[in-house]
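S.K.: Everything below, folded, please.
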Amino acid sequence: MTIPLGKAGISGALWLAAAMAGWPSGREAPSPAGATNTVSAPAPLAIVHGPLLQAPSETGMTVSWATSRRCVSWVEYRAEGASSWRTHRPAHHGLVDADVTHHNVVLTGLKAGEGYVYRAVSREIVEFKPYQVTFGETVTSAEHRFRTLDPAKATLRFVVLNDRHEKVEALAASLASVAWSRVDVVFLNGDMVNDAKDEHQLYRCVVDPCVDHFAAQIPLVYVRGNHDARGSFARRLLDYFPTESGRYYYTLRHGPVAFLVLDSGEDKTDQSAEYSGLVAFEPYLEAQVRWLARQVEATDFQRAPFRVCFLHIPPLPRPDPKFVRPQWLVDHVVPLLNRGRVDLLICAHTHRYAVQQAGRNGLNFPMIIGGTETVLECDATAGELRVRAVDLSGKPLRQLEPIRRRTGG
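M.R.: Got it, this is the predicted structure:
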């Protein structure tokens with residue numbers, strides 16, 4: 001059976017045959033009748049996530065962001081009140097960081113308690129040959145401000161959230177409820193995702209909501225939870241939430257508070273089938289305990305008016321033998337926190353808000369466990385530490401009694 005073809009039909013048949021067989025090299029295949037050849041111009045180079053502040057210290061700050069295409073990047077910054085800009089391009093082992101879409105620029109040599117203005121800059125790398133690099137567009141963020149940590153600061157306000165498990169709308173609602181003008185630093189106390197899959201998940205569930213509300217001007221500290229150690233992307237978490245120490249456990253000092261940030265690891269043994277033989281938390285946590293034993297004796301830590309510890313999994317006896325970590329923390333971490341005269345332990349993990357006064361379960365200090373929709377707003381002076389806890393609706397929860405500075409502290 002023969003089907004007659006009109007002019008348009010012949011043109012369409014030729015186009016289809018050419019598409020299937022491959023048009024001769026050097027020639028442009030014809031379009032079917034009525035079609036037009038259109039080429040969309042590429043979208044302009046853009047900063048698509050960030051910038052955000054991380055790894056704060058008395059003399060440094062890390063600025064992180066992501067671009068829509070591969071770039072070489074730097075930060076331009078100046079002290080508030082200064083007219084001239086300084087530029088820092090990150091480099092490692094003699095090579096400037098380049099040809100990437102995620103950028104971490106570590107500023108060092110800053111002054112404690114001083115305000116700075118900064119802007120993130122990225123230049124596209126169109127082609128990267130060994131002896132010739134072709135550059136494209138340059139994009140610059142808006143100007144933002146930050147202040148370095150300062151042990152001499154008289155007062156301090158910090159905010160804590162935890163266990164949001166990718167519930168982005170609820171996280172955004174919690175962040176919108178905070179009055180950010182007096183906040184110095186924000187702690188995310190673990191399990192903001194169910195497991196680490198890829199960078200887009202981290203941007204969507206953590207980075208973007210935080211940048212929308214505070215993180216371009218107030219530093220973010222991410223405390224690793226057990227769910228953060230799960231998934232194929234877990235081994236790259238520090239690339240997106242860097243720390244000054246390069247580890248998940250370290251110290252910070254700001255105003256009247258010395259902070260201990262600890263990693264509680266996974267909640268089951270390394271041999272548990274769920275981990276497929278790909279975790280080694282037991283030797284890792286033993287090394288952290290050896291570090292902690294030295295840290296709690298440090299003069300600067302002991303002389304701080306208040307000592308606050310972050311630990312995702314709370315150290316509480318648990319009857320189920322499968323979940324070994326809570327009891328392990330009771331046996332190995334709590335004695336060191338008692339020796340260090342810690343004033344407050346802030347935990348998460350259980351998904352239920354709870355307050356435990358000092359003197360229970362072997363803890364010489366009070367413990368707060370944040371819930372899945374809890375916001376903790378903490379204020380410290382040289383003589384008193386107060387914690388205000390609210391739920392997603394802003395309703396106050398059971399409050400911890402104000403903590404007074406210890407005699408001789």
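
S.K.: alpha carbons only for contacts and neighbour counts from here, please
M.R.: Will do.

S.K.: All the strands of the stretch 51-200 of the chain, in order from the start?
M.R.: Ranges of strands in the stretch 51-200 of the chain, per DSSP state E, counting those that start in this stretch, are 61-79, 86-88, 91-92, 95-96, 98-107, 115-128, 133-140, 144-147, 156-161, 185-188.

S.K.: Columns mean neighbour count on top of those, output as CSV?
M.R.: As requested, those are arranged in CSV below (neighbours: other CA atoms under 10 Å):
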stretch, mean neighbour count
strand 61-79, 22
strand 86-88, 13
strand 91-92, 10
strand 95-96, 10
strand 98-107, 21
strand 115-128, 19
strand 133-140, 14
strand 144-147, 20
strand 156-161, 21
strand 185-188, 21
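
S.K.: Turn those into CSV, columns for mean pLDDT.
M.R.: What follows is the strands of the stretch 51-200 of the chain, written out as CSV (pLDDT from 0 to 100):
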stretch, mean pLDDT
strand 61-79, 98
strand 86-88, 98
strand 91-92, 96
strand 95-96, 98
strand 98-107, 98
strand 115-128, 98
strand 133-140, 98
strand 144-147, 98
strand 156-161, 98
strand 185-188, 98
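
S.K.: Tabulate those (JSON lines), appending distance to Ser40.
M.R.: Shown next, in JSON lines, are the strands of the stretch 51-200 of the chain (distance: least, CA to CA, whole Å):
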{"stretch": "strand 61-79", "distance to Ser40": "17"}
{"stretch": "strand 86-88", "distance to Ser40": "35"}
{"stretch": "strand 91-92", "distance to Ser40": "36"}
{"stretch": "strand 95-96", "distance to Ser40": "33"}
{"stretch": "strand 98-107", "distance to Ser40": "22"}
{"stretch": "strand 115-128", "distance to Ser40": "18"}
{"stretch": "strand 133-140", "distance to Ser40": "18"}
{"stretch": "strand 144-147", "distance to Ser40": "34"}
{"stretch": "strand 156-161", "distance to Ser40": "43"}
{"stretch": "strand 185-188", "distance to Ser40": "41"}
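
S.K.: How far does stretch 357-366 stretch from one end to the other?
M.R.: 4 Å (CA to CA, to the nearest Å).

S.K.: what do you get for stretch 85-104?
M.R.: Span of stretch 85-104 from end to end, CA to CA: 19 Å.

S.K.: chain center to it, what's the gap?
M.R.: How far stretch 85-104 lies from its chain's middle: 19 Å, per CA atoms, centre = their mean, to the nearest Å.

S.K.: which other residues reach stretch 269-284?
M.R.: With contacts defined as CA atoms under 8 Å, 6 or more residues apart in numbering, stretch 269-284 is touched by 265-266, 322-325.

S.K.: State the pair within the residues you listed that is farthest apart.
M.R.: For those, the maximum inter-member distance is 14.5 Å, found between Gly265 and Lys322 (CA to CA).

S.K.: Which of these two has more residues huddled nearby?
M.R.: Between Gly265 and Lys322, counted using other CA atoms under 10 Å, the more crowded position is Gly265 (24 against 11).

S.K.: Please confirm that that one is located within a helix.
M.R.: No - if the criterion is DSSP: H, G, I helix; E, B strand; the rest coil, then Gly265 is coil and not within a helix.

S.K.: ok, the contacts of stretch 269-284 vs Leu376, which is closest?
M.R.: Gly265 (22.8 Å).

S.K.: pretty sure the closest one is in contact with Leu311, am I right?
M.R.: No - using CA atoms under 8 Å, Gly265 is not in contact with Leu311; the gap is 9.6 Å.

S.K.: and Gln271, how many neighbours does it have?
M.R.: Other residues close to Gln271 by other CA under 10 Å number 12.

S.K.: so how far does stretch 231-248 reach from one end to the other?
M.R.: From start residue to end residue, stretch 231-248 stretches across 17 Å - CA to CA.

S.K.: Need the contact partners of it.
M.R.: Residues outside stretch 231-248 that contact it (CA under 8 Å, 6+ apart) are 54-57, 62, 64, 104, 195-199, 221-224, 228-229, 261-263.

S.K.: Filter the residues you listed down to the buried ones, ChimeraX style.
M.R.: Written as a ChimeraX command, the selection of buried residues from the contacts of stretch 231-248, which uses 16 or more other CA atoms under 10 Å, is:
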select :54,55,56,57,62,64,104,195,196,199,221,222,223,224,228,229,261,262,263
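
S.K.: At the geometric centre of this structure, which residue do we find?
M.R.: A centroid search over the chain (CA atoms, centre = their mean) returns Phe241, at 3.8 Å, as the residue closest to the centre.

S.K.: before we move on, what SS does Pro326 have?
M.R.: Applying three-state DSSP: Pro326 is helix.

S.K.: repeat for Gln288
M.R.: Under three-state DSSP, Gln288 comes out as helix.

S.K.: Could you break this protein into its assigned domains?
M.R.: 47-147, 156-404 (automatic domain parsing).

S.K.: out of the ones you listed, nearest to Ala41?
M.R.: Nearest to Ala41, of all the domains of the chain, is domain 47-147, at 13.9 Å by CA to CA.

S.K.: what distance separates the closest one from the centre of its chain?
M.R.: In terms of CA atoms, centre = their mean, the centre of domain 47-147 is found 17 Å from the chain centre.

S.K.: Tell me which stretches of the stretch 201-350 of the chain form helices.
M.R.: Assigned by DSSP state H, counting those that start in this stretch, the helices in the stretch 201-350 of the chain fall at 208-213, 237-240, 281-295, 299-303, 325-332, 334-339.

S.K.: closest to Ile369 out of these?
M.R.: helix 325-332 (13.2 Å).

S.K.: The closest one versus helix 281-295: what angle between them?
M.R.: 40 degrees (axes from the mean of the first three to the mean of the last three CA atoms, to 10 degrees).

S.K.: So what's the residue count around Leu397?
M.R.: 16.
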